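Trainee: Need coordinates for the following:
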Amino acid sequence: MRSIAIVGGGQAGLPVAFGLLAKGYQVTVVTNRTPDEIRQGKVMSSQCMFHDALEVERGLGINDWEDICPPVEGIGFAVPHPEKAGERAVQWSAPLEKVAQATDQRIKMPVWLEQLEQRGATVRYQDVGVAELEELAASNDLVLLAGGKGEIVKLLERDASRSPYDKPQRALALTYIHGLEPTPNYSRVSFNFIPGVGEYFVFPTYTHSGACDVMVFEGMLGGPMDCWNNVNTPQEHLATSLNILNTFLPWEAERARKVELTDAGGILAGRFAPTVRKPVLTLPSGRMVLGIGDAVTTNDPITGQGSNNAAKCAKVYLDSILERGEQPFTREWMEQTFETYWDYARLVVRWTNSMLAGPAPHVLQVMGAAQTLPSLAAELANNFNHPPNNFPWWDDAQAAEQFIAQHQSRVAQAA
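Mentor: Now for the predicted structure:
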């Protein structure tokens, strides 16, 4: 029986653990917080997961919240008018072909950890450093480092060739709320792009107290949305959130007139540099550890892809481990496994990083055209499920013109 150790208790590592257990592998999970500590702690992410990522969980039989989590049925996009206060220069929405969902990880991860233990995994709750990695590597056939944004992932070398930013690009904040007015016709992720200030999006999710919404703030550094450093209490956090909406997004403020926090832990603020790391860590002994998920590709949440990337990475790694059979987990195999995932993730990373730099004029032209071309809006919305479909037009002004023309042609043919 092959033995696999997974360091980290999140969206990438735990699905791999379930998949391996189901195939008879001996699995050890090591994470530094107990289920109760996670439940009682602060929110960890915004985690809107689109269809393909949800399918990974469904395939493993770990989609426990499918029937109670509110659906995310569409995508909306808005840009404030630069000259007319309170009006939008760009506004459109479109339904998703298959719904997305978001479940508070404070609910999800504790249950997964408990289920893994019930199914026969060894689950250890402790901090992990080099000494612990050495012990795990000596006693297991493979160690996966799935430590997310924790300190331990810094042991993996940053890949400068794939990481254009070496510093945070946004001041980030999450606010979980009850009482938000729903969007008309269907629920959605409502994206708002505020030039020179930052981004705001909001969507339904599910937390301890039931269905709710999560506000996500992305403030450009040094700007008016970079305002969280002196916020000291949950109520101050909520007040700051509402102040941003009142100042820049009055249509969103109108929806939020009666909101309240879901709980004192339903807030988060911070910043991190989006980073791609080299996947293999060589320990002092010469033994190797393979990074997975956020440990190797930490994306800014501006495009809502973090949990989606993690789930898709888990699927690639799980398939690769199972296909390996009894063969050794060599450096070559480790690097190839990551490259298989990177073949997908590279375009997601490029898309996300380009949003941090600010959309190119031809991208804004496409976004504007979506207002009058419903088929274009629908394609943009559904590309959140598979962001590589945004290419080549996202990178190429001529391709963007052709992209718009294709949808204009569809309208003409239907007329």
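Trainee: quick one: the helices in the chain?
Mentor: Counting by DSSP state H, the chain has helices at residues 13-22, 35-39, 51-60, 105-118, 130-139, 234-248, 250-255, 306-324, 331-357, 361-369, 374-382, 397-414.
Trainee: which of the residues in the last one are buried?
Mentor: What it means is helix 397-414. For helix 397-414, burial by neighbour count (16 or more other Cβ atoms under 10 Å) applies to 400, 403-404, 407. From N, CA and C alone the C-beta is placed, and that goes for glycine too.
Trainee: Next: the first one.
Mentor: In terms of neighbour count (16+ other Cβ under 10 Å), helix 13-22 has its buried residues at 13-21.
Trainee: And stretch 327-341, by the same measure?
Mentor: Buried residues in stretch 327-341 (16+ other Cβ under 10 Å): 329, 333-334, 337-338, 341.
Trainee: any chance of the residues you listed in JSON lines, plus distance to residue 123 and pLDDT?
Mentor: What follows is the buried residues of stretch 327-341, written out as JSON lines (distance: Cβ to Cβ, whole Å; pLDDT from 0 to 100):
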{"residue": "329", "distance to residue 123": "22", "pLDDT": "98"}
{"residue": "333", "distance to residue 123": "26", "pLDDT": "98"}
{"residue": "334", "distance to residue 123": "24", "pLDDT": "98"}
{"residue": "337", "distance to residue 123": "24", "pLDDT": "98"}
{"residue": "338", "distance to residue 123": "25", "pLDDT": "98"}
{"residue": "341", "distance to residue 123": "25", "pLDDT": "98"}
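Trainee: Tell me which two in the residues you listed are the farthest apart.
Mentor: Spatially, the most separated pair among the buried residues of stretch 327-341 is 329 and 341, at 15.6 Å (Cβ to Cβ).
Trainee: on that earlier part again, which of the buried residues of helix 397-414 lies closest to residue 119?
Mentor: Distances from residue 119 to the buried residues of helix 397-414, taken by Cβ to Cβ, are shortest for residue 403, at 46.7 Å.
Trainee: quick one: that closest one and residue 363 touch, right?
Mentor: No - contact criterion Cβ atoms under 8 Å: residue 403 and residue 363 do not qualify, at 10.4 Å.
Trainee: pLDDT score for the closest residue to residue 112 other than its chain neighbours?
Mentor: Of all residues not flanking residue 112 in the chain, residue 14 sits nearest, at 4.7 Å (Cβ to Cβ, 6 or more residues apart in numbering). Here, the pLDDT recorded for residue 14 equals 98.
Trainee: same check, this time on the one 10 residues further on
Mentor: Per-residue confidence for residue 24 comes out at a pLDDT of 97.
Trainee: what does residue 412 give?
Mentor: At residue 412, pLDDT is 74.
Trainee: roughly how far apart are it and residue 375?
Mentor: Separation of residue 412 from residue 375 (Cβ to Cβ, to the nearest Å): 12 Å.
Trainee: same check, this time on residue 54
Mentor: Counting by Cβ to Cβ, the gap from residue 54 to residue 375 is 25 Å.
Trainee: neighbour-wise, which of these two wins?
Mentor: Neighbour tally, residue 54 and residue 375, criterion other Cβ atoms under 10 Å: the higher count belongs to residue 54, 21 against 15.
Trainee: Can you name the residues that contact that one?
Mentor: Listed by Cβ atoms under 8 Å, 6 or more residues apart in numbering, the contact set of residue 54 reads 63, 100-101, 311.
Trainee: between those, which is closest to residue 151?
Mentor: Using Cβ to Cβ, the contacts of residue 54 come closest to residue 151 at residue 311, 23.8 Å.
Trainee: what number of residues lie near the closest one?
Mentor: 23.
Trainee: Could I get the contacting residues of it?
Mentor: By Cβ under 8 Å, 6+ apart, the residues touching residue 311 are 11-12, 15, 49, 53-54, 56-57.
Trainee: Among those residues, name the buried ones.
Mentor: For those, a burial check counting by 16+ other Cβ under 10 Å picks out 11-12, 15, 49, 53-54, 56-57.
Trainee: Next, count neighbours for residue 55.
Mentor: 17.
Trainee: tell me the domain boundaries of this structure?
Mentor: 3-44+56-63+105-165+274-356, 71-102+169-270, 361-414 (automatic domain parsing).
Trainee: contacting residues for residue 376?
Mentor: 366, 369-370, 403-404, 407.
Trainee: closest to residue 77 among these?
Mentor: residue 370 (7.2 Å).
Trainee: Count the neighbours of residue 178 for me.
Mentor: Neighbours of residue 178 (other Cβ under 10 Å): 17.
Trainee: Report the spatially closest residue to it, excluding sequence-adjacent ones.
Mentor: Counting by Cβ to Cβ, 6+ apart, residue 212 is the residue found nearest to residue 178 once chain neighbours are left out, at 5.2 Å.
Trainee: Show me the beta-bridge partners of that neighbour.
Mentor: Going by DSSP bridges, residue 212 is paired in beta bridges with residue 205.
Trainee: what's the neighbour count on it?
Mentor: Using other Cβ under 10 Å, residue 212 is surrounded by 24 other residues.
Trainee: farthest-separated two in the buried ones among the contacts of residue 311?
Mentor: That would be 12 and 54, which, of the buried ones among the contacts of residue 311, are the farthest apart (Cβ to Cβ) at 14.9 Å.
Trainee: what number of residues lie near the closest residue to residue 268 other than its chain neighbours?
Mentor: Nearest residue to residue 268 in three dimensions, chain neighbours excluded: residue 174, at 4.3 Å (Cβ to Cβ, 6+ apart). Residues within reach of residue 174, counting by other Cβ under 10 Å, total 21.
Trainee: Please apply the same query to residue 386.
Mentor: As a burial measure, residue 386 scores 16 neighbours (other Cβ under 10 Å).
Trainee: low pLDDT regions in this protein?
Mentor: 148-149, 415 (pLDDT under 70).
Trainee: tell me the centre residue of it?
Mentor: residue 306 (1.9 Å; Cα atoms, centre = their mean).
Trainee: Now for that one: which residues touch it?
Mentor: 11, 45-47, 294, 299.
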